[in-house]
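A.B. asks: after the sequence you'll find the predicted model.
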Amino acid sequence: MRIGTQNFYDRSLFSLQTRQSNLDRAQEELSTGKKILRPSDDPVASNTIIKLKSEISVSDRYVNAQGTASRFNEVEESNLSSMNVIMLRVQELLVQAGNGSLDSVSLNAIGIELDKRADELFALSNSKNSNGDYLYSGFQTNTIPYKEDKFGYAQYQGDSGQREVLVAASYKVEVNDPGNSFIDNVSSPYGHFLNTAGGGNTGTLDLSVGLVSDSTEFTQPTAPASAYQVVFSGTAPAPATSYHVIDVQTGITVTPSRNFTPGDDIQVQGISIKTDASTRAEVNDTFSITAAPGNTEKSLHWVLKQAIETMKVTGNNYTAMPNPTSTVGISGGNIIKPDEHTLADFDIILTPGAPDTVQVNEVDRSTIPVTVLSTPVPAQTYNPTGTKLEFNGIELDLAGPAPAAADTIRLDRPESSRRGQLLGDLQQDLKNAFTNVDNIRSQVGARLNTIDNEANAQFKFKEVSVTALANLEEVDIYAAMQTFQSSMTGLQASQQAFAKVQELSLFNFI
């Protein structure tokens, strides 16, 4: 068979190009480490590779989200742990303060430390995470969770939102807890009270939230009105100089007329309400005092504030509370016979007549109207130049003109006993606060465990996907080296053969 020179040349050149292409392919596989360099190499495998890479990319995003969620929850867990430490110290201080032998200096020292612990707790409540977001303000991450009002009560500024991060397909985990879910909702048997200014008020007086400071006198306002009304009085046009409080439903006066100066606390059935000294009440101004919705909760910050103020409650004598129009002065109140004494509240009733009389009733102030329990001092003649009363181990001295109309003067139990009662109530509030914080810590711990589980699942999933991707895409380096070597050898042989054959000529044989 005759083979033309051009035909031979074309076939040889094709062989060289093929071997060169094979060598280039082998070299490219070695340099990239991949055996599928373009979709046309293996369309089915290429499609699978695209899907695996997408799944691995999504998995990486989940892993990053898990890291973020874990970091935020770890910050919160550390923060809550610090809160627990503070509350433990506060609990210790409240127990110490219950020691009846402590004097005002010792109580003041405890109050100073309580104030520092309250500041620490306030700072922790306004903590931020590594992104600069507030931990406890709900969705309002740029809003400081707590600010103090003019009375020093911390007020929540955030919302009830709980932010979430997607850490796995269709699974989100929380990364914060709003402060009103555990700081502001401490279970309390007395809750707190809100005030509403009367529509016709002309004064500027501001009132604080109301908190129970004497549980022995506390009672809820009568339903269905369920409100107390503070009524200010005096001589217009001068500012109001006194107030009294009525139960709206019954119309009964639950707090008789008392002298008032802005800045004084208003007392209503064991509830204490602060007033702003820079404002003023006008005559006939009114405020409605109602229980907060639910009335079973108060803020942990308020518990600590009450604890601080309780350290200022001192005194071992009974205290008389004259009315603004009282003409009789009362001194004494010492417990001179401890063996005969039991804690109680009393009303001293002065009645004008012939003769003027004085009587003492033991009363229960936690009822509307006040309940008379006994009469330790029956009506006896009142001597305006000096009348001494002894009852329940207590000694009182009365002097001054007899009133023109019947006058009832409160005689309150010693402040030290009120402090003891209030400390007991606050310790129970603090115990409930521990429960709140521990519940949130449990939730944070559960979230961290969930994140760890999802992280392990993502790790295993990614490991399987990466292995599958490698099997499809990555080249066998040893086989690729052999292919490269054989391709290079083949190319060299073809080049040498082509050169030799190209040199052949019939003229060499003439």
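C.D. replies: Looks like it came in fine.
A.B. asks: every contact and neighbour count from this point should use C-alpha atoms.
C.D. replies: Noted.
A.B. asks: any idea how the protein splits into domains?
C.D. replies: Listed by automatic domain parsing, the domain ranges of the chain are 5-54+460-509, 69-185+419-454, 190-295, 319-413.
A.B. asks: between these, which one is closest to Met311.
C.D. replies: domain 69-185+419-454 (5.2 Å; CA to CA).
A.B. asks: what about the closest one, distance to the chain center?
C.D. replies: 5 Å (CA atoms, centre = their mean, to the nearest Å).
A.B. asks: same deal with stretch 209-227?
C.D. replies: 26 Å.
A.B. asks: redo the domains of the chain as TSV? Include distance to Trp302, mean neighbour count and mean pLDDT.
C.D. replies: As requested, the domains of the chain are exported to TSV (distance: least, CA to CA, whole Å; neighbours: other CA atoms under 10 Å; pLDDT from 0 to 100):
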stretch	distance to Trp302	mean neighbour count	mean pLDDT
domain 5-54+460-509	49	15	62
domain 69-185+419-454	6	18	95
domain 190-295	9	19	95
domain 319-413	23	17	95
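A.B. asks: out of those domains, flag the one nearest Lys305.
C.D. replies: Of the domains of the chain, nearest to Lys305 by CA to CA is domain 69-185+419-454, at 7.4 Å.
A.B. asks: check the separation of the first and last residues in that closest one.
C.D. replies: Terminal residues of domain 69-185+419-454 are spaced 11 Å apart (CA to CA, to the nearest Å).
A.B. asks: going forward, the N-terminal residue is numbered 47.
C.D. replies: Got it, first residue is 47 now, which makes that one domain 115-231+465-500.
A.B. asks: what's the closest non-adjacent residue to Arg326?
C.D. replies: Spatially, and ignoring its direct neighbours in sequence, Arg326 is nearest to Leu251 (4.7 Å; CA to CA, 6 or more residues apart in numbering).
A.B. asks: list the contacts of that neighbour.
C.D. replies: Leu251 makes contacts with 308, 321-322, 325-327, as judged by CA atoms under 8 Å, 6 or more residues apart in numbering.
A.B. asks: so it belongs to a helix, correct?
C.D. replies: No. In this structure, Leu251 is coil, not part of a helix, as judged by DSSP: H, G, I helix; E, B strand; the rest coil.
A.B. asks: how far away is it from Ile354?
C.D. replies: With CA to CA as the criterion, Leu251 and Ile354 are 25 Å apart.
A.B. asks: ditto for Ser511
C.D. replies: From Ser511 to Ile354 the distance is 61 Å (CA to CA).
A.B. asks: show me what contacts Val404?
C.D. replies: Contacts of Val404 (CA under 8 Å, 6+ apart): 394-397, 424-428.
A.B. asks: output stretch 313-330 as CSV, restricted to C-alpha atoms.
C.D. replies: Output in CSV follows, covering the C-alpha atoms of stretch 313-330 (Å, rounded to 0.1, in the frame of the first residue of the first chain):
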residue,chain,number,x,y,z
GLN,A,313,-48.2,55.9,103.4
VAL,A,314,-51.3,53.9,102.3
GLN,A,315,-52.2,50.7,104.1
GLY,A,316,-48.6,49.6,104.5
ILE,A,317,-47.7,50.9,101.0
SER,A,318,-44.9,53.5,100.7
ILE,A,319,-44.9,56.0,97.8
LYS,A,320,-42.1,58.5,97.3
THR,A,321,-42.8,62.1,96.2
ASP,A,322,-40.5,64.4,94.2
ALA,A,323,-39.3,67.3,96.4
SER,A,324,-38.9,69.6,93.3
THR,A,325,-42.6,69.4,92.5
ARG,A,326,-45.7,70.5,94.5
ALA,A,327,-49.2,69.5,95.2
GLU,A,328,-52.1,71.9,95.0
VAL,A,329,-55.2,71.9,97.2
ASN,A,330,-57.7,69.2,96.0
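A.B. asks: tell me where the stretch 347-496 of the chain has strands.
C.D. replies: Taking DSSP state E, counting those that start in this stretch as the criterion, the stretch 347-496 of the chain carries its strands at 365-367, 375-381, 391-397, 403-410, 417-427, 433-437, 440-445, 453-458.
A.B. asks: closest to Ser173 out of the ones you listed?
C.D. replies: strand 453-458 (43.3 Å).
A.B. asks: what element comes up after the helix or strand containing Leu257 heading to the C-terminus?
C.D. replies: If you go by DSSP states H and E, Leu257 is part of strand 253-258. Going down the chain from strand 253-258, the next helix or strand is strand 274-279, by DSSP H and E.
A.B. asks: can you tell me what sits against that following strand?
C.D. replies: So strand 274-279 is contacted by 267, 286-294, 314, 327-336 (CA under 8 Å, 6+ apart).
A.B. asks: after it comes which helix or strand?
C.D. replies: Downstream of strand 274-279 (by DSSP H and E), the next one is strand 288-293.
A.B. asks: so what touches that following strand?
C.D. replies: 267-268, 273-280, 298-307, 314, 370.
A.B. asks: can you give me the distance of Leu346 to Gly237?
C.D. replies: 12 Å.
A.B. asks: same deal with Val121?
C.D. replies: The value you get for Val121 to Gly237, if CA to CA is used, is 31 Å.
A.B. asks: ok, now Lys477?
C.D. replies: 15 Å.
A.B. asks: same thing with Val404?
C.D. replies: Val404 is 38 Å from Gly237, by CA to CA.
A.B. asks: what of Ala503?
C.D. replies: Counting by CA to CA, the gap from Ala503 to Gly237 is 46 Å.
A.B. asks: can you pull the contacts of Ala200?
C.D. replies: With CA under 8 Å, 6+ apart, Ala200 has these contacts: 192-194, 347-348.
A.B. asks: and for Gly439?
C.D. replies: Gly439 neighbours (CA under 8 Å, 6+ apart): 381-387.
A.B. asks: which of the contacts of Leu251 fall in strands?
C.D. replies: Per DSSP state E, strands hold the following members of those: Thr321.
A.B. asks: so can I have JSON lines of the contacts of Leu251 showing distance to Ala448?
C.D. replies: As requested, those are arranged in JSON lines below (distance: CA to CA, whole Å):
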{"residue": "Pro308", "distance to Ala448": "30"}
{"residue": "Thr321", "distance to Ala448": "33"}
{"residue": "Asp322", "distance to Ala448": "35"}
{"residue": "Thr325", "distance to Ala448": "36"}
{"residue": "Arg326", "distance to Ala448": "33"}
{"residue": "Ala327", "distance to Ala448": "31"}
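A.B. asks: mind naming the longest helix for the chain?
C.D. replies: helix 461-519 (DSSP state H).
A.B. asks: against which helices or strands is that helix packed?
C.D. replies: helix 89-143, strand 210-214, strand 217-220, strand 232-233, helix 346-356 (3 or more CA pairs under 8 Å, 6 or more residues apart in numbering; DSSP states H and E).
A.B. asks: these two touch, right, Thr325 and Thr250?
C.D. replies: Yes. With contact defined as CA atoms under 8 Å, Thr325 counts as touching Thr250 (5.3 Å).
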